[in-house]
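Colleague: Generate a structure from the sequence data that follows.
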Amino acid sequence: MNEVNSPIRIIADDRENAGGVIEELRKRADVALEVQRLGLGDFLVEENFAVERKTLADFSASVIDARWFKQAAAMAVGARRGVIVLEGTLAAAVELGVSREALQGALITVSVFYGLAVLRARDTAETARLLVYLGRQAKRFAHGALPRPGYRPKGKRARQLFVLQGLPGIGPERAERLLDHFGSVENVAKASADALSAIDGIGESTAARMRWVLEDSPAD
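Modeller: Prediction:
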């Protein structure tokens, strides 16, 4: 068996045992599965992709209580490529009272500005299949079967600056000032408009646009 067709290596966080995806992965002969505690993400695919699985109900709840942006910021600056799998239907989000606009705003922030890939799955079985497809594509990339578009800066600080430059009005110099002052992307995301506008070169207008993008609440 050549490397491209060898079993996909997936490490699952032990806290996902009750989620159903691990059970689905165990059924597959094309998966080499390990279960252990992970520091970031719910699944580690082919050692290079940290995958966070969220049901749409949990995703909606995390948008409401601000967990979502903290998790997304951590994945954006992590050593591995971050991937989000949203599982389920929009009905669960509606039941929690989260508007479609709020969900779309959260997805725009993490996909466009944080650079995380966002995938959709109907159920646990499809989530398991997505993890396998991701691993298989990763093997093909590694062996030159697919092109490698995109830019991924190396080093934690470089990735932090890259994330910050995705915010409106933030270029390289302002990103440097923000990171030097606040110390992390997470702290920038939590900073008030007044705290942001106090940074040299960032006025009230830019701070307001940043807060609009980073806003955790469902309000528009």
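
Colleague: the longest helix in the protein is where?
Modeller: When the chain is parsed with DSSP state H, its longest helix is helix 124-142.

Colleague: in that one, what counts as buried?
Modeller: 124, 126-128, 130-132, 134-136, 138-139 (16 or more other CB atoms under 10 Å). The C-beta positions use only the backbone N, C-alpha and C, and glycine is treated the same way.

Colleague: So which elements touch that helix?
Modeller: Helices and strands touching helix 124-142, by 3 or more CB pairs under 8 Å, 6 or more residues apart in numbering; DSSP states H and E, are strand 8-13, helix 21-26, strand 43-45, strand 49-55, strand 81-87, strand 117-121.

Colleague: how about 10 Å then?
Modeller: strand 8-13, helix 21-26, strand 31-36, strand 43-45, strand 49-55, strand 81-87, strand 117-121 (3 or more CB pairs under 10 Å, 6 or more residues apart in numbering; DSSP states H and E).

Colleague: who does the fourth one touch, helix- and strand-wise?
Modeller: Contacts of strand 43-45 with other secondary structure elements, assessed using 3+ CB pairs under 10 Å, 6+ apart, are made with strand 8-13, helix 21-26, strand 31-36, strand 49-55, strand 81-87, helix 124-142.

Colleague: rerun that using 7 Å as the cut-off
Modeller: Counting by 3 or more CB pairs under 7 Å, 6 or more residues apart in numbering; DSSP states H and E, the packing neighbours recorded for strand 43-45 are strand 8-13, strand 49-55, helix 124-142.

Colleague: which residues sit against the last one?
Modeller: Going back to what we said before, that points to helix 124-142. 3-4, 8, 10, 19-21, 24-25, 28, 30-31, 43, 45-46, 48-49, 51, 53, 83, 85, 87, 119, 121, 146, 148 (CB atoms under 7 Å, 6 or more residues apart in numbering).

Colleague: quick one: residue 110 from residue 82, how far?
Modeller: To residue 82, residue 110 is 9 Å away according to CB to CB, to the nearest Å.

Colleague: Now for these two: what residues contact both?
Modeller: By the contact definition CB under 7 Å, 6+ apart, residue 110 and residue 82 are jointly contacted by residue 116.

Colleague: quick revisit: export the helices and strands packed on strand 43-45 to TSV and tack on mean pLDDT?
Modeller: Formatted as TSV, the helices and strands packed on strand 43-45 follow (pLDDT from 0 to 100):
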stretch	mean pLDDT
strand 8-13	95
strand 49-55	91
helix 124-142	88
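
Colleague: Setting the sequence-adjacent residues aside, check what's closest to residue 212.
Modeller: Spatially, and ignoring its direct neighbours in sequence, residue 212 is nearest to residue 168 (7.9 Å; CB to CB, 6 or more residues apart in numbering).

Colleague: just residue 23 next, same as before
Modeller: residue 124 (7.6 Å).

Colleague: could you check the distance from the one you found over to residue 141?
Modeller: Distance from residue 124 to residue 141, counting by CB to CB: 26 Å.

Colleague: hang on, the earlier thing: hey, which of the helices and strands packed on helix 124-142 is tucked in deepest?
Modeller: Highest mean neighbour count among the helices and strands packed on helix 124-142 (mean count of other CB atoms under 10 Å): strand 43-45, with a mean of 25.

Colleague: phi, psi of residue 107?
Modeller: With angles defined as degrees, to the nearest 10, residue 107 sits at phi -70, psi -40.
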